[in-house]
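Asker: How does the following fold in three dimensions:
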Amino acid sequence: MRYCVSLAAVVAIGGSLHAQSVGLLPRGTRWYDTAATGVTRASRSPSPSPWRVSERVANYAPIASALIPGSGQLMLGNDRFIGYIAVEALSWWKYSKDVSEQRSQEASYKSLARRQARSHFTDASPDLLPDADWAYYEKMRDYKESGSFSLSATGPVIPETDVTTYNGSRWQLAQSTFSTREAALQKYLEDAVRPEFAWSWKSAQFQYDIFKQTTNKRNDAYRAGFTDLMIIGANHILSMVDAFSTVRLRAGVKANGETAIGARVTW
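Answerer: Residues are numbered from 1 along each chain as shown. Have a look, this model is predicted:
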């Protein structure tokens, strides 16, 4: 909704600036650059364009296009503004759709994990279990069980030794990385999954398969959203360069009727 309002505002502003620019030039004249020899600033045209843009207004076109693609082309009376605005609107719509899909898949796999993999480690309601970041659910996808945080219910922590579990693999890695047990144990305490986040898909293979499929869909939606943002950024840059080129490179008519090109590179 805010994007649509912004587009409407740009159209209104562009129309206002166009109206101002028309008032600055005599009817039936067109604006031309004077950099090329023999080209006049205001020359009579046998077929005057309905869009006549003053230099003051035209200089703002690249900036406008950088902010909202197509707006600079609209200010310059270039029909290409339709394409830029269309790409921008469709890309933002696609991005919104992909973000919504990502959130939907995240809600699905988190709910499934609470109900099927984590609920039997606590007496609390599955909805009350603490949430975690995406890295936690990646671990849950790659390892069927978290394993115990400590093999001892009381006293010092005794790391999990089953290497097929996540915690067991962390302890094995820590032992192979550090030369002393104390250093390895410290690393284990930093990386191992705590009891409140323990999980097991051991008796829920079907749900485990659904969980992995859902996380894959989440990743697909995330990548699609990132691509959408890249397209949006490219559209902003292309529209800005297009408007800048239009302002800095203009065609005019010499006094003898020949066509000439005027170009300026200073801003």
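Asker: Now the residue nearest in space to the middle of the chain: closest residue in space that isn't a chain neighbour?
Answerer: In the chain, the residue lying closest to the centroid (C-alpha atoms, centre = their mean) is residue 229, at 3.3 Å. Spatial nearest neighbour of residue 229, excluding adjacent residues (C-beta to C-beta, 6 or more residues apart in numbering): residue 95 at 6.4 Å. Where you see a C-beta, it was placed from the backbone N, CA and C, and this is true even at glycine.
Asker: can you check residue 79 too?
Answerer: Sequence neighbours aside, residue 73 is the residue nearest to residue 79 in space, at 7.7 Å (criterion: C-beta to C-beta, 6+ apart).
Asker: same thing with residue 122?
Answerer: residue 129 (6.8 Å).
Asker: can you pull the contacts of that neighbour?
Answerer: Residue 129 makes contact with 114, 118, 119, 122, 196, according to C-beta atoms under 8 Å, 6 or more residues apart in numbering.
Asker: Need phi/psi at the residue nearest to the first one when sequence neighbours are not counted.
Answerer: To tie it back to what came earlier, the one meant is residue 114. Leaving aside its sequence neighbours, residue 114 sits nearest to residue 126 (C-beta to C-beta, 6+ apart; 4.0 Å). Phi and psi for residue 126, reported as degrees, to the nearest 10, are phi -50, psi -30.
Asker: The one 4 residues further on now?
Answerer: When read as degrees, to the nearest 10, the backbone of residue 130 gives phi -70, psi 150.
Asker: residues touching the nearest residue to it once chain neighbours are set aside, list them.
Answerer: Among residues not flanking residue 130 along the chain, residue 196 sits closest, at 5.9 Å (C-beta to C-beta, 6+ apart). Contacts for residue 196 (C-beta under 8 Å, 6+ apart) come out as 122, 129, 130.
Asker: thinking again about what came up before, in contact with the residue nearest to residue 114, which residues?
Answerer: 111, 114, 115, 118, 119.
Asker: now do 7 Å
Answerer: When contacts are counted by C-beta atoms under 7 Å, 6 or more residues apart in numbering, residue 126 is found next to 114, 115, 119.
Asker: what number of residues lie near the second one?
Answerer: Other residues within reach of residue 115 by the criterion other C-beta atoms under 10 Å amount to 14.
Asker: now it: how far from residue 129?
Answerer: 10 Å (C-beta to C-beta, to the nearest Å).
Asker: what does residue 199 give?
Answerer: From residue 199 to residue 129 the distance is 10 Å (C-beta to C-beta).
Asker: Same check on residue 137?
Answerer: Distance check for residue 137 against residue 129: by C-beta to C-beta, it reads 13 Å.
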